[in-house]
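A.B. asks: The following block contains a protein sequence and its predicted model.
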Amino acid sequence: MLEQNISSLVQKLRNKEITSLELTQSYLDKISELNPSLNSYITVCSESALAAAKEADIAIAAGTAGPLAGIPIAHKDLFCTNGIKTTCASKMLSNFVPPYESTVTAKLEQAGAIMLGKTNMDEFAMGSSNENSHFGLVKNPWNTDLVPGGSSGGSAVAVAAGMAVATTGTDTGGSIRQPASFCGITGLKPTYGRVSRFGMIAYASSLDQAGPMARSAEDCAHLMNAIAGFDPQDSTSAEVETQDYLTNLDQPLTGLTIGLPKEYFGEGLEQGVADAIRQAVSEFEKLGAKIKDISLPNLKLSIPAYYVIAPSEASSNLSRFDGVRYGHRCDEPKDLIDMYTRSRAEGFSKEVQKRIMVGTYALSEGYYDAYYLKAQRIRRLIKQDFVNALNEVDVIMGPVAPTTAFAIGSKTDDPVAMYLEDIYTLSVNLAGIPAMSIPAGFSNKMPVGLQIMGDYFTEAKLLNIAHQFQQHTDWHLQTPNMDKGA
Ligand code: GLN
């Protein structure tokens, strides 16, 4: 396994113990070795990565390097990258080369990070298993018969299998946390508005949020330092000052109050997952935290509310893919309507089409009040549940997902079972609060993620809590045995 601790890599690069060119080449070699079986990358940018690495080495030598200079990372393939194909894992955008750069990728480039490539995902970020990709499914490196989770499955696998030091992901209803949990890595979904959405291909705009995926909380803090902050190009970006996410990592946890919602430990939760989470919570008690039982009474409404709101927003966001301006266009259209219909029917997979239809229906006259408005009211209740709970406790903990990674193909014909995977993650997006997934043990020989949810803009606190746990446990250091796995 290649070294993946950003602090020590930065140190070694500065001390000239290694060069970024060597480091980048070693990651590209790992990608060549493993990507044919795991399918974690859609696009690998070998040439531009090596050229950027050479420049990073020059900048390091000159003392002008940014904080992440020379560190090889990868981006989920929905961040627009200027001049580099950005597909959103859809046939619709399979040849789309954006003429501009997303804020997240631009900021990481400014910080000196090297982009190895663009990672696989569920098409338009719709999914929980990374089986909905025009470029083929992604496999879990811990057991290649199992899914890696989704929608940021490619990003999670790249980190877990040592094909990138860290990656970016996006989380609309769990897409950073659930694949992080399934692949045994650390992921952070920041507060809505903390990280700019500019240049991210939109799924559900009021829920989408970008964040880091890496081996450890400390590595996530390095990425957050680069990407967090106000962006005038995103109208929902928060004008709230950022913090240095690395400085508070060592704060002791004495006196921390952790809330355990009873709804997170009920029916449907795999026993091995429950055991691992309880064990992790008792580790926090040893670190000085106090535990309190709490309730988030409207949790069960989060799935129906989310699966009205997200498809509604998606139906509006995806209306721009009409074959006219960009994206797939059908051959020899008879007329304009034929071109719209066939281009969309050919360009979008069944899952995406289903969501567009559900969303269009929910927003249509006569149904808007019954579905969309009602879902918005439920969203308000869910948000209020978190606000009330976070008045009583500092953070909330529970599992990320009810199970560990499941078998490829086992839920593809059962959308309800697939949507139930998101039961513990969706509510966080509906409320807009930040949350993390950190490795916290194993069940069925597969990694279990502990979810840590906090109040608005408390990312530094969450990273501190996660880091303290990782100073006292080694779950985050465990890596899949690739000889067996792949
Ligand atoms: N699994 C959820 C969905 O399919 C969440 C996806 C996401 O967070 N992008 O919508």
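C.D. replies: It's in.
A.B. asks: okay, CA-based contacts and neighbour counts for the rest of this
C.D. replies: Will do.
A.B. asks: the helices in the stretch 1-150 of the chain, which residues?
C.D. replies: 6-14, 20-38, 46-62, 103-110 (DSSP state H, counting those that start in this stretch).
A.B. asks: Run the angle between the longest one and helix 6-14 for me.
C.D. replies: Pointing back at helix 20-38 there. On the basis of axes from the mean of the first three to the mean of the last three CA atoms, to 10 degrees, helix 20-38 is oriented at 140 degrees to helix 6-14.
A.B. asks: for helix 20-38, packing partners?
C.D. replies: helix 46-62, strand 72-76, strand 114-119 (3 or more CA pairs under 8 Å, 6 or more residues apart in numbering; DSSP states H and E).
A.B. asks: Please name the residues that touch residue 362.
C.D. replies: 308, 312, 368, 371-372 (CA atoms under 8 Å, 6 or more residues apart in numbering).
A.B. asks: same deal with residue 392?
C.D. replies: Counted by CA under 8 Å, 6+ apart, residue 392 has zero contacts.
A.B. asks: Thought residue 137 was touching residue 145, still the case?
C.D. replies: No - using CA atoms under 8 Å, residue 145 is not in contact with residue 137, being 11.2 Å away.
A.B. asks: So for the two, which sits in the more crowded spot?
C.D. replies: residue 137 (22 against 16; other CA atoms under 10 Å).
A.B. asks: Chain neighbours aside, what residue packs nearest to that one?
C.D. replies: Distances taken as CA to CA, 6 or more residues apart in numbering place residue 131 nearest to residue 137, at 4.5 Å, with adjacent residues excluded.
A.B. asks: what about that neighbour, how many neighbours?
C.D. replies: Other residues close to residue 131 by other CA under 10 Å number 26.
A.B. asks: Show the contacting residues for it.
C.D. replies: So residue 131 contacts 122, 137-138, 147, 408-409, 412 (CA under 8 Å, 6+ apart).
A.B. asks: same thing but at 7 Å, please
C.D. replies: Applying CA atoms under 7 Å, 6 or more residues apart in numbering to residue 131 gives the contacts 122, 137-138.
A.B. asks: just the residues you listed now: which is nearest residue 335?
C.D. replies: residue 122 (31.5 Å; CA to CA).
A.B. asks: Please tell me I have it right and that closest one contacts residue 133.
C.D. replies: Yes - with contact defined as CA atoms under 7 Å, residue 122 reaches residue 133; the gap is 4.9 Å.
A.B. asks: who has more neighbours, the two?
C.D. replies: residue 122 (31 against 24).
A.B. asks: Pull the number of nearby residues for the residue in the stretch 301-450 of the chain positioned nearest to the ligand.
C.D. replies: The minimum distance from the stretch 301-450 of the chain to the ligand, using CA to the nearest ligand atom, falls at residue 422 (5.9 Å). Using other CA under 10 Å, residue 422 is surrounded by 23 other residues.
A.B. asks: Correct me if wrong: it contacts residue 176.
C.D. replies: No - counting by CA under 7 Å, residue 176 is not a contact partner of residue 422; they are 11.6 Å apart.
A.B. asks: Go through the helices of the stretch 1-150 of the chain and pick out the most buried.
C.D. replies: Among the helices of the stretch 1-150 of the chain, ranked by average contacts under mean count of other CA atoms under 10 Å, first place goes to helix 103-110 (a mean of 21).
A.B. asks: relative to strand 114-119, how tilted is it?
C.D. replies: 150 degrees.
A.B. asks: Just the C-alpha atoms of helix 103-110, please, in PDB.
C.D. replies: Listed next in PDB are the C-alpha coordinates belonging to helix 103-110 (Å, rounded to 0.1, in the frame of the first residue of the first chain):
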ATOM      1  CA  THR A 103     -14.400  26.000  -7.900                       C
ATOM      2  CA  VAL A 104     -13.500  22.800  -6.000                       C
ATOM      3  CA  THR A 105     -11.100  21.500  -8.600                       C
ATOM      4  CA  ALA A 106      -9.600  25.000  -9.200                       C
ATOM      5  CA  LYS A 107      -8.900  25.500  -5.500                       C
ATOM      6  CA  LEU A 108      -7.200  22.100  -5.200                       C
ATOM      7  CA  GLU A 109      -5.100  22.900  -8.200                       C
ATOM      8  CA  GLN A 110      -4.200  26.300  -6.700                       C
END
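A.B. asks: Was I right to think residue 89 contacts residue 125?
C.D. replies: No - the criterion here is CA under 7 Å, and residue 89 misses it with residue 125 at 8.4 Å.
A.B. asks: And those two? Which one has more around it.
C.D. replies: Neighbour count, other CA under 10 Å: between residue 89 and residue 125, residue 125 has more, with 33 against 25.
A.B. asks: what comes up buried for stretch 251-267?
C.D. replies: 253, 256-261, 263-265 (16 or more other CA atoms under 10 Å).
A.B. asks: need the helices for the stretch 351-486 of the chain, in chain order.
C.D. replies: Under DSSP H, counting those that start in this stretch, the stretch 351-486 of the chain gives helices at 374-392, 415-420, 426-431, 459-472, 482-485.
A.B. asks: Tell me which of those helices sits most buried.
C.D. replies: Note that of the helices of the stretch 351-486 of the chain, helix 426-431 is the most buried (mean count of other CA under 10 Å), with a mean of 25.
A.B. asks: who touches that one?
C.D. replies: 172-174, 207, 299, 302-303, 306, 379, 382-383.
A.B. asks: got these as JSON lines, with secondary structure, distance to residue 75 and pLDDT columns?
C.D. replies: Compiled in JSON lines, the contacts of helix 426-431 are given as follows (DSSP: H, G, I helix; E, B strand; the rest coil; distance: CA to CA, whole Å; pLDDT from 0 to 100):
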{"residue": "172", "secondary structure": "coil", "distance to residue 75": "16", "pLDDT": "98"}
{"residue": "173", "secondary structure": "coil", "distance to residue 75": "19", "pLDDT": "98"}
{"residue": "174", "secondary structure": "coil", "distance to residue 75": "17", "pLDDT": "98"}
{"residue": "207", "secondary structure": "coil", "distance to residue 75": "19", "pLDDT": "98"}
{"residue": "299", "secondary structure": "helix", "distance to residue 75": "31", "pLDDT": "94"}
{"residue": "302", "secondary structure": "helix", "distance to residue 75": "29", "pLDDT": "97"}
{"residue": "303", "secondary structure": "helix", "distance to residue 75": "28", "pLDDT": "96"}
{"residue": "306", "secondary structure": "helix", "distance to residue 75": "26", "pLDDT": "97"}
{"residue": "379", "secondary structure": "helix", "distance to residue 75": "30", "pLDDT": "98"}
{"residue": "382", "secondary structure": "helix", "distance to residue 75": "31", "pLDDT": "98"}
{"residue": "383", "secondary structure": "helix", "distance to residue 75": "30", "pLDDT": "98"}
